[in-house]
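In: following is a predicted model, sequence given first.
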Amino acid sequence: MQPGDLWRKPRLCYRAGVLDILLRGARLPGAATLQDLGVVNGRLGLPEPEARLTMDLKGALVTPPLVEPHIHLDAVLTVGQPRPNLTGSLFEGIAIWADRVKSLTVEDVKRRAEKVLRWQLANGVQHVRTHVDVCDPELRALRALVELRQEIGDQMDLQLVAFPQQGIFSFEGGSELMRRAVGLGADVVGGIPHYELTRELGIKSVEFTFALAAEHGLRVDIHCDETDDDHSRFVEVMAAETIRLGMAGRVTASHTTAMHSYNNAYAYRLIRNLARAGMHVVTNPLDNSVLQGRFDSYPIRRGHTRVKELMEAGINVCIGHDSVMDPWYPLGYGDPVQAAFVLAHYGQMSGAEELPRLIDMITCNPARALGLEDYGLREGGSANLVVFDAASETDAIRLVPRRRLVLRRGRIVARTEPARTTVVWDGREEAVDFQP
Ligand code: FE2
């Protein structure tokens, strides 16, 4: 369902007189005409003539909050520590992280993670699922993020994934650490089967993750087949477990880059099984565009999951940011639109009907994967929304503009003054708005 569809069928229940905010001239995703939106008592209501604050959006795109389904907040802002990654490769990144992790403290993790959460909020992100490395006998990163989740309260929604970076059965005490992580308050159970020592341990780790999640009524989100090895085939095990345990809609496979290299007959069968299982997929175009294909001579594979085929099969595909300035990816400022921009190129999603779908992949699609309730622009729903400095979904991808306004429960929680650019042409200074 598109966010705009909800608004077009308003339930006439929320007229409360003077509005707190009236947003005139909003363009909702997929809508041909402009719409006025009212905000009262933190909820979206029908437009009324009177409001304490009226803003003319002049046709700016308005979406529900951006949703970040895949980030590693415990590693953010560590780029260059204790040394830079000179090759930019995954394996140099892992070696650097192994050194950096020695100096990890609860305060260190909280300070960096909170900074990036502020960046994300400024970018319109209000719901975040972060993977948290639990291969640490002291569980410092998880304790930090459990504390931070408590401290930020209702400012943003944070889901924590117990993520065994070194493996569940290939790291001493890994399975016990996963159980302790769930006891400490992890919302989602993770895994990394392709990193386990053997294929058998990989399968065992997937079964362990599902059993732990089922036991505690939690969701599953596994880093799965994040490699160029076409023999890495653990997503099929995830599909089988999802079907066996009846966990449709509660399971996400992240990365799945090996799918790029599978033969087409195998990929065809696998994708149908993922659809049958009702699984979600998160693709991370920023990290995987720089990390994959590193063992190839020319031609170099893109090493990217099969986004279009997955979507054609009806599978819910979302875009994740993954890293922000860490040993694996030195760039980024937590903006999902940057990741969508890269996927437009990397996933060849430049078709006229494909570009707008990239906005779905950072809003309503990840909202489904995270199981968010009270999400979307609908009358009576929470007044959580984002105003882009762009007139359409395609322009939002083209310009990657700052977010003009972010509302959370009807309150302005982020705003950007409109930028004004001029150029001197034939000796005269004139404004440029980058519109045709
Ligand atoms: Fe990841």
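Out: Yes, it's here. Residues are numbered from 1 along each chain as shown.
In: only C-alpha atoms from now on, for both contacts and neighbour counts.
Out: Noted.
In: now do the helices in this protein.
Out: Listed in chain order, the helices of the chain (DSSP state H) span residues 3-8, 90-100, 106-122, 140-152, 174-184, 199-216, 235-245, 264-277, 285-291, 307-312, 336-346, 355-360, 364-369, 393-399.
In: neighbours around the spatially closest residue to A60 that is not a sequence neighbour, how many?
Out: Closest residue in space to A60, ignoring its immediate chain neighbours: A391 at 4.6 Å, by CA to CA, 6 or more residues apart in numbering. Using other CA atoms under 10 Å, A391 is surrounded by 19 other residues.
In: hmm, L57 and A391 touching each other?
Out: No: using CA atoms under 8 Å, A391 is not in contact with L57; the gap is 9.7 Å.
In: from R409, how far off is A369?
Out: 22 Å (CA to CA, to the nearest Å).
In: and the two? which has more neighbours close in?
Out: Neighbour count, other CA under 10 Å: between A369 and R409, A369 has more, with 24 against 19.
In: got a list of what the more buried one touches?
Out: Counting by CA atoms under 8 Å, 6 or more residues apart in numbering, A369 touches 69, 249-252, 280, 316.
In: before we move on, what about P193?
Out: So P193 contacts 167, 199, 201-203, 205-206, 223-225, 234 (CA under 8 Å, 6+ apart).
In: again, only this time at 10 Å
Out: Contact partners of P193, counting by CA atoms under 10 Å, 6 or more residues apart in numbering, are 164, 166-170, 199-207, 209, 222-226, 232-235, 237.
In: okay if I get the helices of the chain as TSV plus distance to L34 and mean pLDDT?
Out: Output for the helices of the chain, formatted as TSV (distance: least, CA to CA, whole Å; pLDDT from 0 to 100):
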stretch	distance to L34	mean pLDDT
helix 3-8	11	42
helix 90-100	46	91
helix 106-122	24	98
helix 140-152	35	98
helix 174-184	46	98
helix 199-216	44	98
helix 235-245	42	98
helix 264-277	36	98
helix 285-291	32	97
helix 307-312	29	98
helix 336-346	23	98
helix 355-360	17	98
helix 364-369	20	98
helix 393-399	14	97
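In: okay if I get these as JSON lines plus distance to P84?
Out: Formatted as JSON lines, the helices of the chain follow (distance: least, CA to CA, whole Å):
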{"stretch": "helix 3-8", "distance to P84": "42"}
{"stretch": "helix 90-100", "distance to P84": "8"}
{"stretch": "helix 106-122", "distance to P84": "18"}
{"stretch": "helix 140-152", "distance to P84": "22"}
{"stretch": "helix 174-184", "distance to P84": "29"}
{"stretch": "helix 199-216", "distance to P84": "31"}
{"stretch": "helix 235-245", "distance to P84": "33"}
{"stretch": "helix 264-277", "distance to P84": "37"}
{"stretch": "helix 285-291", "distance to P84": "15"}
{"stretch": "helix 307-312", "distance to P84": "32"}
{"stretch": "helix 336-346", "distance to P84": "23"}
{"stretch": "helix 355-360", "distance to P84": "32"}
{"stretch": "helix 364-369", "distance to P84": "32"}
{"stretch": "helix 393-399", "distance to P84": "30"}
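In: check whether A339 really touches H321, as I assumed.
Out: Yes: at 6.0 Å, A339 counts as touching H321 under the criterion of CA atoms under 10 Å.
In: any residues in contact with both of those two?
Out: Common neighbours of A339 and H321 (CA under 10 Å, 6+ apart) are 283-287, 332, 362.
In: which one of the residues you listed is nearest P29?
Out: Ranked by distance to P29 (CA to CA), these are led by I362 at 12.6 Å.
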